[in-house]
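Asks: Would you be able to build a 3D model of this:
(chains A and B)
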Amino acid sequence: MFGTIGNIFKRQRYYFEDDGNMVVDLDPTAAIEKHNYETMAKARQSKSFPGDEMIVNMGPQHPSTHGVLRLELVLDGEIVKKCTPHIGYLHRNFEKHAENVGWNEVIPYTDRLDYLASMSMNHGYCLAAEKLLGIKELPRKVEYLRVICAELMRISSHLMAIGTFGLDVGAITPFLWAFRDRERILDLFEWISGARLLYNYIWIGGLARDLPAGWLKQAAAFLDDLERNMKEFNRLLSGNHIFIKRSADIGILPPEVAINCGATGPVLRGSGIKWDVRKDEPYSIYPEFEFDVPVGEGRYGPVGSVLDRYEVRIKEIEQSIKILRQAIAQCPEQGDVKEAIPRRMRPPAGAECYVRSEAPRGEIGFYLRSNGTDIPDRVRCRSSCFVHVSLLDEISRGAMVADMILIIGSIDIVLGEVDR
Amino acid sequence: MRQYFKDVFNGLYTILIGMVETWKHLFRPAVTLQYPHARFALPPGTRQQLFCNIDDCIGCYKCARICPVNCIYIDTVKAKPSEDLGKASTGNPIRQHVVRFDIDMFKCCYCDLCTTVCPTECLYMTDKYESTVYERNNGLFHFSKYEPALAAKMLAEQAAEEAAAAAAKAAKAAAAKPKAEAQPAHA
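Replies: Sure, this is the predicted structure:
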């Protein structure tokens, strides 16, 4: 009655019944494989595709998926027909946790959202909490230091993004160079906040620590070095003809799709749309600085390709250096960074707000609601990476499996922010 | 065909440009350090392992309350009026025995909130970052000077005293209640 067709692994067998139905006999722990076999069996039954297709799981242990992301790829030979992202491997229950700790105790948790851009997450949350608490005027020194930290964080995050993107293409040296420069930024952050990755530095109404003497001077010296290093980096990777040819035609994200899906940050700007929260809906003291919003130009192929997103990041680093030079020159050395921190944080009951700000990977929005106590009633985080993961299916259809790595690298997701 | 050879030429030429850049790096000093043998100096105020100077601790529970991950465990016993526990180095009077002050460094998220609220600045972060231990139990750091047996005894005594006080209060309230009820009846 039953014939054993395959004995793939020790404990996993599948049979075909006489009427052609596939029966999966599995160890119940192998849920992923079971799901795949069932999907295949269903597809065979419905004759929706003729049987040449193959389902391949990319991740969650794949070294190039930038975290614990699982992509279920339906392949026709080497061509991706469908890509379904599966998330949740890094879920830490941030939003529910935040309903059980005080307003200022949420900040260490926001560090862990986008752990490559903790300062920007702190900044976004504090902007929202300050709006809720009615803190309008902050000391100038606090504002300047916040902008300096957020822009340094943007450079650090983009260095990581372009470095690992190079690694995805197969270039190892740019990755090491990017990390060498990122290390300098982490040293600066360690000096100012005491920590290297999860800072908890920007607090509601102020900063955790005062500015150390000589910090601004070191930051300015770093910017000089970075400018020189970026020129080297561009000569090595961005100008490489093989690299350009490899990435100019894949992962096209048309501008309409980008807007419809709600993409933000470098992914949206890579498609040629000039939208930056710092410029179009200014917060903090960004209107005082002079900078441009770089967009993808499609110099070597269609607009919105993987290369455009990469180039937008390179140009954003240059713009961040520009902002930092102005901010460091104007930042006051004197002043108390803790004077505006409220002693008791109790927003009025029922108060709510949604504030968005520009993190390196896109807009980070925080919706906060208060019930009049020391503890938030609701903290909701709108993350850009989540939206970008949902874009994957749209931009990867028709691409090769090897291109998938580049596409994931170019949208630059951090799974900590996707799963929260 | 022409485009093909142009691409080949451009590919080789741009690789050469990159090779020149990498070649220059051979003559620059190294940015890495051979870690276990040499270390980078840490800046002042770096946030690594927590340490509590228990002589200055007044048992105010502020650090335990603000900790987002609840990794500080404190038990205190109130000092009797006859006892004088002295003062912390900042001048705050110590009014209770801190019989237990444990920090679970496996849970700690190094957020630095506890050290900022400490009124006597007895809790601070040291610059020790190699905190690997061989057993899971060793991750729980004990700072209290009281032996666990003594601490348990003191806590039991305090609990018994409190229970006795509560019982006395309840008895007093029960005794006062009929009187209060009786009064309007007389009037």
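Asks: alpha carbons only for contacts and neighbour counts from here, please
Replies: Will do.
Asks: Any idea what residue B:100 is bridged to?
Replies: Beta-bridge partners recorded for residue B:100 (DSSP bridges): residue B:75.
Asks: OK, contacts around it?
Replies: Neighbouring residues of residue B:100 by C-alpha atoms under 8 Å, 6 or more residues apart in numbering or on different chains: B:73, B:74, B:75, B:76, B:142, B:143, B:144, B:146, B:148, B:151.
Asks: Residue A:132 too?
Replies: Residue A:132 makes contact with A:347, A:351, A:352, A:353, A:368, according to C-alpha under 8 Å, 6+ apart.
Asks: which of those count as buried?
Replies: A:347, A:352, A:368 (16 or more other C-alpha atoms under 10 Å in any protein chain shown).
Asks: which among the contacts of residue B:100 end up buried?
Replies: Buried by 16+ other C-alpha under 10 Å: B:74, B:75, B:76, B:142, B:143, B:144, B:146, B:151, out of the contacts of residue B:100.
Asks: Looking at those residues, spot the one nearest chain A.
Replies: residue B:74 (18.9 Å; C-alpha to the nearest C-alpha).
Asks: can I assume the closest one is in contact with residue B:96?
Replies: No - counting by C-alpha atoms under 8 Å, residue B:74 stays clear of residue B:96, with 11.6 Å between them.
Asks: before we move on, what SS does residue 91 have?
Replies: Picked chain A for this. Using DSSP: H, G, I helix; E, B strand; the rest coil, the structure places residue A:91 in coil.
Asks: and the closest residue to it other than its chain neighbours, how many neighbours?
Replies: Closest residue to residue A:91 apart from its sequence neighbours, by C-alpha to C-alpha, 6 or more residues apart in numbering or on different chains: residue A:419 at 4.8 Å. By other C-alpha atoms under 10 Å in any protein chain shown, the residues close to residue A:419 number 20.
Asks: Next, the contact list for the residue in the stretch 51-200 of chain A positioned nearest to chain B, please.
Replies: In the stretch 51-200 of chain A, the residue that lies nearest chain B is residue A:194 (4.0 Å; C-alpha to the nearest C-alpha). Going by C-alpha under 8 Å, 6+ apart, residue A:194 touches B:43, B:44, B:45, B:46, B:47.
Asks: What parts of the stretch 1-150 of chain A come near chain B?
Replies: Within the stretch 1-150 of chain A, the positions near chain B by C-alpha under 8 Å from any C-alpha of the partner chain are A:101, A:102, A:105, A:106, A:108.
Asks: And for the second one, the neighbour number?
Replies: The reference is to residue A:102. By other C-alpha under 10 Å, the residues close to residue A:102 number 19.
Asks: From chain B, how far off is the nearest residue to it once chain neighbours are set aside?
Replies: Leaving aside its sequence neighbours, residue A:102 sits nearest to residue A:375 (C-alpha to C-alpha, 6+ apart; 4.5 Å). Per C-alpha to the nearest C-alpha, to the nearest Å, residue A:375 is found 12 Å from chain B.
Asks: again with residue A:266
Replies: Using C-alpha to the nearest C-alpha, residue A:266 is found at 26 Å from chain B.
Asks: Let's verify that residue: helix, strand, or coil?
Replies: Residue A:266 is classified as helix under three-state DSSP.
Asks: Let me see the contact set for it.
Replies: By C-alpha under 8 Å, 6+ apart, the contact set of residue A:266 is A:309, A:312, A:313, A:360, A:361, A:362.
Asks: Go through these and flag which are in helices.
Replies: If you go by DSSP state H, those have A:309, A:312, A:313 in helices.
Asks: Mind putting the residues you listed into TSV with neighbour count, distance to residue A:253 and pLDDT?
Replies: Putting the ones in helices among the contacts of residue A:266 into TSV (neighbours: other C-alpha atoms under 10 Å in any protein chain shown; distance: C-alpha to C-alpha, whole Å; pLDDT from 0 to 100) gives the following:
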residue	neighbour count	distance to residue A:253	pLDDT
A:309	31	10	91
A:312	25	14	92
A:313	30	16	92
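Asks: Many thanks, I have nothing further to ask.
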